[in-house]
Structures are given as C-alpha cells and as structure tokens.
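Chemist: Let me see the structure of the following:
(2 chains)
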Amino acid sequence: MSRPPRPTRIDPRGARFTASVTAVLLLVTVALGLLGGVAPTLADRALQPAFLLLVVLAAIFVWSAAAGIARNPWSALFRRLIRPRLAPPAELEDAAPPTFAQGVGALVTLVGVVLHLSGVPYGLVAAASAAFVAAFLNGAFGYCLGCQLYLLLVRAGLVRRSPSTIRA
Amino acid sequence: MDPLLALAVVGALVVVSTALGLAWRSSQGRVRRTVTTDAVALDGVELAAGATLLQFSSEYCSPCRATARVLHELAARTPGVAHVELDVAERPELAARFGILQTPTTLVLDSAGRPRARIGGAVRADQLRAELGRIVASASAVSA
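Modeler: You can find the predicted model right below:
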C-alpha cells in the first residue's frame, strides 16, 4: 500500500484552527498542572492528569512535525467537519512553516514531560505555558514562529545553506 | 494550589499573551525610517534608479511569500523600483549585519544604496507606497 503524498499546500485556516485547539488543550494542561502540583513518587507523577494530557499533546506534536501539519488530528477534523461549510480559501499556504512550528511544540512539550518526571516543581507548567503562548499567538493573531525562531538558528550558525541564485 | 489562584494564573497567562499578540500585530508592517549615511553595496544586488526593495526571507515563513508578491507587484508597476529577495539561511552575514530578527524584513534602499526605511513583518502596500514616493522624490530633488 502506497502512502498518499504529503500535501505541501494547505488551507491556512486549518493551521489556525489546529493552533487554537492546541492552545486550549495546553491551557487546560497548565490549569491541571497548577492544581495537581508534582506528586512525590515517579509512579504517581506518571499518572497525574496534567502529565497524561501533556504526553498526548507531545505525541501529537511529534507526529505532526514528522508527518506534516496536514496529518495532525485537528487539521483532519477541520478538513472533514469545518472546511466543507466554509467558502473556499482565498489562497493556499505552504505546509512547511506550520510543520516547523509543530516541531518546536514537540521539543517544548517533551522538555515539560522530562521535567515533570524528574519531579521539577512547575517544570510542566512552565513548558506548557510557553507552548500555550506560541499556539495562542498563532491561532488568535496569525503569529508565525518559524519567522523568528528559524532566523535565530540561522544567526546562531546552526542552519546554513549554500547560496543559490538571488531571486529578483 | 488553591483553585482560585490557579484560575487567576491561567487568566493572567491569557491576558499577557493577548497583550503580546496585540503589540506584535501593531508592529507588523510598520514603516520605520532609518537614518544612516552608510551605503549598502551587496554583491549580486543591482540597485534600481529610484529605490530597491531588499527583502529578507526564510524558509519557514508564510508572510514572506505574501510580502514577496506585494513587493513584486509594486516594483513591476512603479518605474525605477526593483524588488530583490534574499534567503537569510543563504546570507547569514547579511542578516547579522542588518540585525534582522524576523522574516520578512524589508529594507528600502535609495538609488545610492542607503537604507532609508525598514519594515518588519508583512508589508502593507499602501504604507510602503507613500514612503517610496517620499524617497524617490528626494532622490530626484538631489539630482535635479
């Protein structure tokens, strides 16, 4: 069975919807994390509601970063249930920028998972809050994480591409 | 944690994020005039007679594509104005030299290559057009 090719052009409203749902779930994680605190033993920490929710969100981030934003479950929900009820999009956008942002989300939430398992107080809350701010700004304001973060990687010398022709 | 306190913290997080978002949005596309006598000579970039729109873009950046389209159209319709797009990953030294912190960032260079204005974020065509008029007019006043 051959996999369908990864779509490289997506409806930008789908990406905004995905970011908004993610932001709400991250905010719930923050609230649960504040209420539950950090349990004394590792086994208890691994069963705390905030931790379980963050693990699910981290898994979704990893999956969408690897398979593309279009395969994110909320994006699929948007395509099935919401997009048929909307007018066609004014234009399609490249899937690479939101997929990059999913990768950043994966990194941040996985840090939260590790911090919580290690018993660091407020580690989960801090990571989920950081991920929330990015997802919220993306969903509500159209903020583009790849526009700034990727540039920082470039300027730190971590990303480099050989010059091609200048596009004029 | 006390549920009321937790609720207050979550509410504060939303309020702070909203303030951040509003500040970010109002900064996007704003034309800032730059005061410099330092001409920019970039290899591979040919300056136009009126103004050159030097756009810094990156790979994971949706507004870069929209801005490229706006600038391309503006340059095509305005005599003496050219649009040049650079990828920061290919020219990191230029990103460092001009202190580029976000993409797209557009520098408006006059005919001598001096940066006269700088626009961070997606460009708004009407604002840029007004600024271009000023720059091209001052250039022709000097040469007249």
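Chemist: Below-threshold pLDDT in the chain: ranges please.
Modeler: All of this refers to chain A. Applying pLDDT under 70 to chain A flags residues A:1-7, A:162-168.
Chemist: that's the other chain; I wanted chain B
Modeler: B:37, B:139-144.
Chemist: those helices in it, which residues are they?
Modeler: For chain B, applying DSSP state H gives helices covering B:3-27, B:62-77, B:92-97, B:125-143.
Chemist: out of those helices, deepest packed?
Modeler: Highest mean neighbour count of those: helix B:62-77, a mean of 18 (counted as mean count of other CB atoms under 10 Å in any protein chain shown). Backbone N, C-alpha and C define where each C-beta goes, glycine included.
Chemist: what packs against that one?
Modeler: Applying 3 or more CB pairs under 8 Å, 6 or more residues apart in numbering or on different chains; DSSP states H and E, one finds that helix B:62-77 makes contact with strand A:93-94, helix A:145-155, strand B:51-57, strand B:81-87, helix B:125-143.
Chemist: Please work out which residue of chain A is closest to chain B.
Modeler: Proximity to chain B, evaluated over chain A using CB to the nearest CB, is greatest for A:Gly146 at 2.9 Å.
Chemist: one step back: closest to A:Val104 out of the helices and strands packed on helix B:62-77?
Modeler: Of all those, it is helix A:145-155 that lies closest to A:Val104, at 5.7 Å by CB to CB.
Chemist: Give me the buried positions along the closest one.
Modeler: Buried residues in helix A:145-155, counted by 16 or more other CB atoms under 10 Å in any protein chain shown: A:Leu145, A:Gly146, A:Cys147, A:Leu149, A:Tyr150, A:Leu151, A:Leu153, A:Val154, A:Arg155.
Chemist: Over to stretch A:98-111?
Modeler: A:98-106, A:108-111.
Chemist: Any residue of it touching chain B?
Modeler: Yes. Against chain B, stretch A:98-111 shows contacts by CB under 8 Å from any CB of the partner chain at A:Pro98, A:Phe100, A:Ala101.
Chemist: list the contacts for the residue in chain B that chain A sits nearest to?
Modeler: Closest residue of chain B to chain A, CB to the nearest CB: B:Tyr60 (2.9 Å). With contact set as CB atoms under 8 Å, 6 or more residues apart in numbering or on different chains, B:Tyr60 has these partners: A:Ala96, A:Pro97, A:Phe100, A:Ala101, A:Cys144, A:Gly146, A:Cys147, A:Tyr150.
Chemist: if we go to 6 Å?
Modeler: By CB atoms under 6 Å, 6 or more residues apart in numbering or on different chains, the contact list for B:Tyr60 reads A:Ala96, A:Pro97, A:Phe100, A:Gly146, A:Tyr150.
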